[in-house]
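Trainee: here's my sequence, what's the structure:
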Amino acid sequence: MSREGPPWRWCWRREGRGRRPKPRFIRFQTTQVVFAPLDESGRPVEGEPIYMNPDELEALRLVYYLGLTQEEAAEKMGVSRGTLWRALSSGRKKIISALIERRPLILMSGPPL
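Mentor: Purely as a prediction, here's the structure:
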């Protein structure tokens with residue numbers, strides 16, 4: 001189940017030295033979803049899964065699905081354009097890796113619906 005709702009804040013935990021990552025505002029809510037390739041007999045292919053973070057999915061959704069510019073998408077997420085660009089780049093790489101290497105792609109869930 002997926003839907004667009006009020007924005008929620010997402011940020012991964014970082015331990016150690018350095019600045020903490022800035023939280024991202026995400027409006028797309030989904031439960032954890034798994035996309036798994038099938039072999040010739042229709043059974044799921046086994047392999048190390050690739051995990052897509054909520055901020056990567058939101059960046060891809062805003063820019064490629066809704067057609068927003070990177071500046072508009074970054075403003076909606078509450079991050080800089082450079083941070084949005086890195087999320088887009090990472091998300092694209094994960095999708096391509098899952099397709100080329102025939103590995104399961106797991107979209108990490110957002111807040112409880």
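
Trainee: which stretches in this protein count as helices?
Mentor: Under the criterion DSSP state H, helices of the chain are mapped to 54-60, 70-77, 81-101.

Trainee: what's the most buried one of these?
Mentor: Of all the helices of the chain, helix 54-60 carries the top mean neighbour count, a mean of 24, counting by mean count of other Cβ atoms under 10 Å. Quick note: C-beta positions are derived from backbone N, CA and C, even for glycine.

Trainee: neighbouring contacts of that one?
Mentor: Helix 54-60 has contacts (Cβ atoms under 8 Å, 6 or more residues apart in numbering) with 10, 24, 26-28, 30, 73, 77, 84, 87-88, 90-92, 94-95, 107-110.

Trainee: distance of residue 68 from residue 22?
Mentor: For residue 68, the distance to residue 22 under the criterion Cβ to Cβ, to the nearest Å works out to 19 Å.

Trainee: of the two, who's got more company?
Mentor: Ranked by neighbour count (other Cβ atoms under 10 Å), residue 68 and residue 22 place residue 68 first, with 17 against 12.
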